[in-house]
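> Give the three-dimensional model of this entry:
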Amino acid sequence: MSVQVNELELRDKVVDMYRRVANDPAGKFHFEMGRALAERLGYRPRDLDRVPAEAVDSFAGVGYHFGLADLQEGERVLDLGSGSGMDTFVAALKVGDMGKVVGIDMTDAQLEKAEKLRTRDRFETVSYVEGRLESLPFEDDAFDVVISNGVINLCADKGVVFKEIARVLRTGGRLALSDIVSRSQLPESIVCDSTLWAACIGGAMQIDEYRLAIKMAGMRVDTVEENAQYQFISGGARGATADYGVHSVSLVATRV
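Numbering: from 1, shown residues only. Reported below is the predicted structural model:
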C-alpha cells in the first residue's frame, strides 16, 4: 500500500491514548478494558487472581494467546508493548522462578505503573525497559518466546517489527500474539488517520499480508485463530469491522 500514516503524529497519539489507559482505565475508549474482557477472551480467573488487580484494570488486549504460547518452566519471554504489565505477570506465573520475563513499552505512564506493581507484589523475575518495537534493545537469540497483545497493529512498519522479533528469538523459538487485522485493504481515509491507528483500527493489516510479513522475517506461521469474543465498542470502530472485516486474531509462529 502506497499511502502512509504520519509516524511521528501516530506515535504521539498512541502514547497519549495509552497514558490515559494507564491513568484512567475507567475512561471512555474505542475498546473495552479490564477483567471482564480478559475473562471473556480466555484468561483463567485463577491466573488473574494472582496478578496485580490494577494491571488487570488497565488490560486492553484483543485476545488470549497463552494457550498457543505454551510457556514452559525456565523460559525467557519478551512481551512487546507490555503496558501496565498484566501479560508479563501472567507469563511469570507460567515460567516460574527459573524463568525470565521482560516487558518493553514506549509509554512512560505504563512503564511506571507496571514497575510500581512489580515491586510491590515482588514479581522478581519480571523487568521492564523503555523502547520501540522497530529497534529492540536486545541481543540476537535472547528469548525463547515473544508475546504481544494488540500492539503490532499500532506500528507503521510491521515488516521491520517482525524482523526484529525473529532476530531476538532463538532458532525454534516461538512468537505468540493477538492482534487486529482486516479481511480487505483499508482505504486511504482510514490508513492516514492517526487517531484511528491509535484506536487499533487504522493500522489493521490485511491478514494475508500480515502472514506474509511474518514469513518474510524468517518465521513459520503454525496456527491462526479468530477471536470472535473481541468486539470494538465505539460506532466508528464497529463500522470499520462491518465494512472492511477488521477483527482480532491470535497466532503462533516458529523462528526457522
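
> For stretch 175-184, the averaged confidence score.
Throughout stretch 175-184, pLDDT has a mean value of 95.

> ok now that stretch, how far from the chain's centre?
Computed by C-alpha atoms, centre = their mean, to the nearest Å, the chain-centroid distance of stretch 175-184 equals 10 Å.

> Buried ones in it, by neighbour count?
By neighbour count on 16 or more other C-beta atoms under 10 Å, the buried set for stretch 175-184 is L175, A176, L177, S178, D179, I180, V181, S182. Every C-beta, even on glycine, is put in place using the N, C-alpha and C of the backbone.

> Quick check: V126 vs A53, distance?
16 Å (C-beta to C-beta, to the nearest Å).

> and these two? which has more neighbours close in?
Taking other C-beta atoms under 10 Å, V126 and A53 do not tie; V126 has more neighbours (26 against 13).

> so who does that one touch?
Applying C-beta atoms under 8 Å, 6 or more residues apart in numbering to V126 gives the contacts G85, T88, F89, A92, V101, V102, G103, R118.

> If we ignore the residues flanking it in sequence, what's nearest the second one?
So that's T88. G103 (4.4 Å; C-beta to C-beta, 6 or more residues apart in numbering).

> Please apply the same query to the last one.
Counting by C-beta to C-beta, 6+ apart, V126 is the residue found nearest to R118 once chain neighbours are left out, at 5.2 Å.

> before we move on, back to that, tell me the pLDDT of the residue nearest to T88.
pLDDT, read off for G103, is 98.

> what about it, which helix or strand?
strand 100-105 (DSSP states H and E).

> Please identify the buried residues of the next helix or strand after that strand?
Once strand 100-105 ends, the next helix or strand along the chain (criterion: DSSP H and E) is helix 108-120. By 16+ other C-beta under 10 Å, the buried positions in helix 108-120 come out as A109, Q110, L111, K113, A114, E115, L117, R118.

> Taking strand 100-105 as reference, get the angle to helix 108-120.
Orientation check (axes from the mean of the first three to the mean of the last three C-alpha atoms, to 10 degrees): helix 108-120 against strand 100-105 gives 160 degrees.

> mind exporting helix 108-120 as CSV, just the C-alpha atoms?
Only the C-alpha atoms of helix 108-120 are listed here, as CSV (Å, rounded to 0.1, in the frame of the first residue of the first chain):
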residue,chain,number,x,y,z
ASP,A,108,6.2,6.3,30.5
ALA,A,109,3.0,6.1,32.4
GLN,A,110,2.5,2.4,31.5
LEU,A,111,6.1,1.6,32.5
GLU,A,112,5.9,3.5,35.8
LYS,A,113,2.7,1.7,36.7
ALA,A,114,4.0,-1.7,35.8
GLU,A,115,7.2,-1.2,37.7
LYS,A,116,5.4,0.0,40.8
LEU,A,117,3.2,-3.1,40.7
ARG,A,118,6.1,-5.4,40.0
THR,A,119,8.0,-4.0,43.0
ARG,A,120,5.0,-4.0,45.3
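
> Please name every helix or strand in contact with it.
Judged by 3 or more C-beta pairs under 8 Å, 6 or more residues apart in numbering; DSSP states H and E, helix 108-120 is in contact with helix 7-23, helix 53-57, helix 86-95, strand 100-105, strand 126-130.

> related to what we said a few turns ago, residue contacts, the residue nearest to T88?
For G103, the contacting residues are L78, D79, S82, G83, G85, D87, T88, A114, V126, S127, Y128, V129, by C-beta under 8 Å, 6+ apart.

> Format the contacts of V126 as CSV; extra columns: distance to A217.
Output for the contacts of V126, formatted as CSV (distance: C-beta to C-beta, whole Å):
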residue, distance to A217
G85, 26
T88, 23
F89, 28
A92, 27
V101, 22
V102, 20
G103, 21
R118, 30
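
> All good on my end, thank you.
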